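Visitor: Sequence and predicted structure below; questions after.
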Amino acid sequence: RKADVECAMLVLGAGPGGYTAAFRAADLGLDTVLVERYPELGGVCLNVGCIPSKALLHAAAVIDGASQADEMGIAFGKPKIALDKLRGYKNKVVGQLTKGLGGMARQRKVKVITGVGRFLSANELEVTGDDGKTQLVAFRQCVIAAGSQAVKLPGFPWDDPRVMDSTDALELADVPKQLLVVGGGIIGLEMATVYSALGSAVTVVEFMDQLMPGTDKDLVKPLADRLKKQGVEIHLQVKAAGVDAQKKGLKVSFEPAQDGGKAPDAQVFDRVLVAVGRAPNGGKLDAEKAGVKVTERGFIPVDRQMRTTASHIFAIGDLVGNPMLAHKATHEAKLAAEVASGAKKEWVARVIPSVAYTDPEIAWVGVTENEAKARGLKVGVGKFPWAASGRAIGIGRTEGFTKLLFDEASGQVIGGGIVGVHAGELIAEIALAIEMGCEVGDIAHTIHPHPTLSESVAMAAEMFDGTITDLY
Ligand code: FAD
């Protein structure tokens, strides 16, 4: 069969990994085709992930800020929420970005084909459109960026619209009176923050012994405290064991995660959001027909140049492994496109920052205290509580802190964690410090603007350096 389209570079999937790879490849002179199942570009991140969730979290922050204004003698009254308008705001934000991508693809003459792609051989992909029609694309090189999807817990009545994954929850169909969030990770807690602000009574159950498992416990505490203060019920070491879909609601039974543990009684909820992780899409592409190895779980192993076991086929983003984050996908995308265009490069970034855009935000990068302990690393910790920050006091948000981890022998920064408003913005400085091999003095002696939350990074360095022994 003769190919319908021939190209130097084929990119499969138009999420942050895929569109970045396609644009970079085109900029570097490769004749590029981008295949995406959905008519909108942008993948999970732009359509049903990072962007809509942050638009809704902004609305939650506005509600929360207004409720705090009372303390300053400013009264706004109880918020009236026009759900259609809020949904419209979120959709407008998403639409602006996805339309922008369409324009950027046209500018670069990236040919976009809408349909589901499957490999037929090492140089051929078949794309099936909604109408069932197929196109054969022949390629010289390829970047697979087909991403991931939410894990659907087995045993849940998924055909009941009251059982939601994160995509459904972002639809904002209504504000349930009683919402259960199964899974206390980043996505579950971001959505808990949104729905709690909109007025839902939210219950969170988490299987492990803390929220955001893997993150240092001290970073999570201020968030857990604030959620509880807002009335969010949190049950740790508990699993949702079964859901009985009744007319009046979803009756959920719980079990302790371990024998001998405690679990709450069964309760009826109006909606249940399941946010227990994401699974890679690598297993659905017939990638083996192209000579690409796929693991049992659906990940595609790659080398330091993002090459798969077929050396002319690269893979990037969520389907090559954790952390499943958009900025990791875009970094890998540029690397893959540049290597495909002949650059002699490989992965050199030392760290990938993580952020939970909850309220307060939690951000961390590099080595965590948990990890330092587990690896037996000799680390020094500088920790600055925001209760001593003029800016944090001024905005009424003193519950945060900033901590830095240093290699004890060299004084080099190897990790950092921040909890507090805008932690996600502040963490970039620590990522840069680690990438540049900064020592504690480099940060402590860098003049930070006053009064800002960014000063807390320098203060944390000073705390470790011994430059200050007392807080001021
Ligand atoms: P994806 O974005 O998953 O894109 C893959 C694309 O490939 C999709 O468009 C899919 O339709 C397409 N595709 C798959 N298979 C085929 C096929 N066979 N044929 C054609 N097309 C196909 N990350 C952050 O960094 N910050 C955040 O704040 C953040 N918030 C999030 C909030 C939520 C609710 C969720 C669910 C995720 C969030 N993430 C966040 C994670 C982020 O969305 C992902 O890490 C990112 O989208 C991964 O990009 P990707 O390019 O690997 O894949």
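Guide: Sure thing, it's come through.
Visitor: distance of residue 360 from the ligand?
Guide: To the ligand, residue 360 is 15 Å away according to CB to the nearest ligand atom, to the nearest Å. For glycine as for every other residue, the C-beta is placed from the backbone atoms N, C-alpha and C.
Visitor: got it, and residue 361?
Guide: In this structure, residue 361 lies at 10 Å from the ligand, with CB to the nearest ligand atom as the measure.
Visitor: Give me the nearest residue to that residue, chain neighbours excluded.
Guide: Spatial nearest neighbour of residue 361, excluding adjacent residues (CB to CB, 6 or more residues apart in numbering): residue 423 at 3.9 Å.
Visitor: Surely the one you found is in contact with residue 365?
Guide: No: the criterion here is CB atoms under 8 Å, and residue 423 misses it with residue 365 at 10.7 Å.
Visitor: picking up where we left off before, what's the pLDDT at the residue nearest to residue 361?
Guide: According to the predicted model, the pLDDT of residue 423 comes to 98.
Visitor: contacting residues for it?
Guide: Residue 423 makes contact with 355, 360, 361, 362, 363, 400, according to CB atoms under 8 Å, 6 or more residues apart in numbering.
Visitor: Phi, psi for the last one please.
Guide: Think residue 400. Per-residue torsions, residue 400: phi -80, psi 170 (degrees, to the nearest 10).
Visitor: what about it, how many residues close to it?
Guide: Here the number of neighbours of residue 400 (other CB atoms under 10 Å) works out to 26.
Visitor: ok, now which ones touch the residue nearest to it when sequence neighbours are not counted?
Guide: Among residues not flanking residue 400 along the chain, residue 420 sits closest, at 2.1 Å (CB to CB, 6+ apart). Counting by CB under 8 Å, 6+ apart, residue 420 touches 222, 360-361, 386, 392, 397, 399-402, 426, 453, 456.
Visitor: Sitting in helices, which of those residues do you find?
Guide: When those are checked against helices (DSSP state H), the matches are 222, 392, 426, 456.
Visitor: any idea how far residue 280 is from the third one?
Guide: Relative to residue 280, residue 426 is positioned 31 Å away (CB to CB, to the nearest Å).
Visitor: Near the ligand, which residues of the protein are found?
Guide: Proximity of the chain to the ligand (CB under 6 Å from any ligand atom) is limited to residues 12-18, 35-38, 43-45, 49-50, 53, 116-117, 145-148, 166, 187, 281, 285, 317-318, 324-327, 329, 357.
Visitor: Just the mean pLDDT for stretch 330-350, thanks.
Guide: Stretch 330-350 shows a mean pLDDT of 97.
Visitor: how far away is the closest residue to the ligand within the stretch 251-400 of the chain from residue 326?
Guide: Nearest residue of the stretch 251-400 of the chain to the ligand: residue 317, at 2.1 Å (CB to the nearest ligand atom). The gap separating residue 317 from residue 326 is 8 Å, by CB to CB.
Visitor: Of these two, which one has the most company?
Guide: Taking other CB under 10 Å, residue 317 and residue 326 do not tie; residue 317 has more neighbours (36 against 20).
Visitor: quick one: pLDDT of the more buried one?
Guide: The predicted local distance difference test score for residue 317 is 98.
Visitor: now it, nearest residue through space, not along the chain?
Guide: residue 17 (3.2 Å).
Visitor: Is that neighbour in contact with residue 332, as I believe?
Guide: Yes: judged on CB under 8 Å, residue 17 makes contact with residue 332 at a distance of 6.4 Å.
Visitor: shared neighbours, these two?
Guide: 316, 317.
Visitor: In terms of neighbours, single out the busier of those two.
Guide: Taking other CB under 10 Å, residue 17 and residue 332 do not tie; residue 17 has more neighbours (33 against 25).
Visitor: Next SSE downstream of whichever helix or strand the more buried one is part of?
Guide: Residue 17 belongs to helix 16-27 when elements are defined using DSSP states H and E. Downstream of helix 16-27, the next assigned helix or strand under DSSP H and E is strand 32-36.
Visitor: Reformat the ones in helices among the contacts of residue 420 as JSON lines; add pLDDT.
Guide: Compiled in JSON lines, the ones in helices among the contacts of residue 420 are given as follows (pLDDT from 0 to 100):
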{"residue": "222", "pLDDT": "98"}
{"residue": "392", "pLDDT": "97"}
{"residue": "426", "pLDDT": "98"}
{"residue": "456", "pLDDT": "97"}
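Visitor: Would you mind listing the two of those residues that lie farthest apart?
Guide: When the ones in helices among the contacts of residue 420 are compared pair by pair using CB to CB, the two farthest from each other are 222 and 426, 14.6 Å apart.
Visitor: Name the residue in those two with the higher neighbour count.
Guide: The residue with the greater number of neighbours, taking residue 222 and residue 426 and applying other CB under 10 Å, is residue 426; the counts read 23 against 19.
Visitor: can you tell me which residues contact that one?
Guide: Going by CB under 8 Å, 6+ apart, residue 426 touches 363, 402, 418, 420, 453, 454, 456, 457.
Visitor: between those, which is closest to the ligand?
Guide: Distance to the ligand across those (CB to the nearest ligand atom) is lowest for residue 363, with 11.0 Å.
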